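J.: Fold the following, please.
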Amino acid sequence: MAKFRKKPVIIEAEELRFTTDSQRKCIDFTEGKARKGLDGGIIIPTLEGDMVANTGDWIIKGVNGEFYPCKPDIFEKTYEAV
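T.: All right, here's what the predicted structure looks like:
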């Protein structure tokens, strides 16, 4: 079986925190594509349909300009600050 390594890619991301200011900052980060959800979360339209980002999740801007949420444990395993 062949093995592959993920190419290093620098992404932009914003952490959603439990504040109205953080919610607004994340919506602005998605260029207004996301909208307020319940309990401080936001709803992000993705290629797979609407996804919900909750407090503590990261909002990632992908290599093609798309946005999607990422759980904090996966974000920590996948990304490091540059």
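J.: Please make it C-alpha for all contacts and neighbour counts, starting now.
T.: OK.
J.: beta partners of the residue nearest to the spatial centre of the chain?
T.: Nearest to the mean C-alpha position of the chain, by Cα atoms, centre = their mean, lies I59 at 1.5 Å. Bridge pairing for I59 (DSSP bridges) gives the partners E14, P69.
J.: Surely it is in contact with P69?
T.: Yes. Between I59 and P69 there is a contact under Cα atoms under 8 Å: 4.5 Å.
J.: can you list residues touching both of those two?
T.: Residues touching both I59 and P69 (Cα atoms under 8 Å, 6 or more residues apart in numbering): A53.
J.: burial of P45, as a residue count?
T.: Applying other Cα atoms under 10 Å, we find 18 residues neighbouring P45.
J.: Also G65?
T.: G65: 10 neighbours (other Cα under 10 Å).
J.: mind checking pLDDT for it?
T.: Note on G65: pLDDT of 93.
J.: ditto for E12
T.: 94.
J.: Just give the number of residues close to it.
T.: E12, neighbours per other Cα under 10 Å, totals 13.
J.: what residues are up against it?
T.: Shown in contact with E12 (Cα under 8 Å, 6+ apart): 60-62.
J.: Helices of this structure, start to end?
T.: Remark: helices assigned in the chain by DSSP state H are 20-29, 72-78.
J.: how far is the first one from where the chain is centred?
T.: Mean-position distance between helix 20-29 and its chain equals 12 Å (Cα atoms, centre = their mean, to the nearest Å).
J.: Pipe the helices of the chain into CSV and attach distance to R5, mean neighbour count and mean pLDDT per row.
T.: Shown next, in CSV, are the helices of the chain (distance: least, Cα to Cα, whole Å; neighbours: other Cα atoms under 10 Å; pLDDT from 0 to 100):
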stretch, distance to R5, mean neighbour count, mean pLDDT
helix 20-29, 29, 18, 91
helix 72-78, 12, 12, 94
